[in-house]
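K.L.:
here's my sequence, what's the structure:
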Amino acid sequence: MSRLPIISDKPSTLVDAQDRNISYLRVSVTDRCNYACTYCVPEGGVPMVRRERLLTFEEITRLVQIMAGMGVRRVRLTGGEPTIRKGLVELVASLSQVEGIDEVAMTSNAHLMESMAAPLAKAGLSSVNVSLDTLEAGPFAQLTRRGEIDRVVRGIDACIKAGMRVSTNAVALRGVNDTEVVALCEFAWDRDIVPRFIEHMPMSSGDAFDAAEQFSSAEIRSALFEHYGEALVAEGSDQGKGPARYWSVAAGTRGTRRVGIISAMSEHFCSTCNRLRLSATGKLHTCLAHDDALDLKQILRGVSATDEQIRVAIRGALSLKKPGHEFDPSGAGGPAKHMISIGG
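P.N.:
Okay, the predicted model is just below:
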């Protein structure tokens, strides 16, 4: 299959006002999810948008082509839960053929991956981050409100079998999964995949956020050091591939195992941000933690919208990208948008 050409302009880089190079685009394909995790969805749920308000796959592909011509090299599909959007395999196939895009990845809860992993991999999906906050069936069901841990594990194994790179993501919560740091690592390492831990972020004030549940990056490392001792060694970040900082553990005959920590709250990484986020309704968010957004769908669906108009609008939005977030450990400083609506 021939690759879709770059829709290019010059120069072919996206640089914001802080001189950060933008090469990574996260695309939410739906605001719906088959789970309702407590840290992502408020108790009463959130209003869902009508299908006609979502970007079509053709619109998503066009925007990715344009941004590939501006320097974007990695695309990650998110939700809600991306696998519940009908036709997702076809979207992955389309995006993987865009000239200039080096990787199409996804973040998923893996609930449907047992059957979808193979066709997604064949379409061009190269990696998956799977949300896995606990290995205990009861707490897992309680945290996700409707999840099935056994089904998720089968989904993870299906992704591995399909040849995709797999990581697990656990939102670190004191009193919920703080005693499972080593167990979650061992689960991942037994499958030769990478576990990652994410500090809980205060998004919309309507979401459940309890400052007492905060389990910091330093505490995660402490739990690892307590178990693995001097075998735990700092590595740093994978340049350009996301905000996680990695540590490795020399595990004897099992080789070296890596673990990542995303420390948005206690050890900021905003100065190295290389990301833009496109919502399912076509809003371009330059920062997860702020509500200002550019309505690209309105431009796309305007009369005779040109690629140059879209490029100018994107550069204008990027020029206003803020230096960093204003999250506060108390829970203040977050945006009004919910995590489920932007895909993290």
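
K.L.:
what about the stretch 151-300 of the chain, any weak spots by pLDDT?
P.N.:
203-211, 239-241, 251-255 (pLDDT under 70).

K.L.:
strands of that one, start to end?
P.N.:
Applying DSSP state E, counting those that start in this stretch to the stretch 151-300 of the chain gives strands spanning 165-172, 194-199, 232-237, 245-250, 256-262, 275-278, 283-285, 293-295.

K.L.:
nearest to Pro47, out of the ones you listed?
P.N.:
Closest to Pro47 of the strands of the stretch 151-300 of the chain is strand 283-285 (CB to CB; 15.2 Å). Every residue, glycine included, has its C-beta placed from N, CA and C.

K.L.:
let me see the contact set for the closest residue in space to Ser96 that isn't next to it in sequence.
P.N.:
Computed as CB to CB, 6 or more residues apart in numbering, the closest residue to Ser96 that is not its neighbour in sequence is Gly124, at 2.7 Å. Shown in contact with Gly124 (CB atoms under 8 Å, 6 or more residues apart in numbering): Val92, Ala93, Leu95, Ser96, Gln97, Val104.

K.L.:
redo that, cut-off 7 Å
P.N.:
Shown in contact with Gly124 (CB atoms under 7 Å, 6 or more residues apart in numbering): Val92, Ala93, Ser96, Val104.

K.L.:
in strands, which of those appear?
P.N.:
Under the assignment DSSP state E, these contribute Val104 to strands.

K.L.:
identify the farthest-apart pair in the contacts of Gly124.
P.N.:
Using CB to CB, the contacts of Gly124 span at most 9.2 Å, a distance reached by Ala93 and Val104.

K.L.:
and the two? Which one has more around it.
P.N.:
Val104 (25 against 17; other CB atoms under 10 Å).

K.L.:
just confirm the more buried one contacts Val92, I think it does.
P.N.:
Yes - counting by CB atoms under 7 Å, Val92 is a contact partner of Val104 at 5.8 Å.

K.L.:
got any residues that touch both of the two?
P.N.:
Contacts common to Val104 and Val92, judged by CB under 7 Å, 6+ apart, are Gly124, Leu125.

K.L.:
contacts only, for Thr30.
P.N.:
Here Thr30 is in contact with Leu54, Gly79, Gly80, Pro82, Ile84, Arg85, Ala280 (criterion: CB under 7 Å, 6+ apart).
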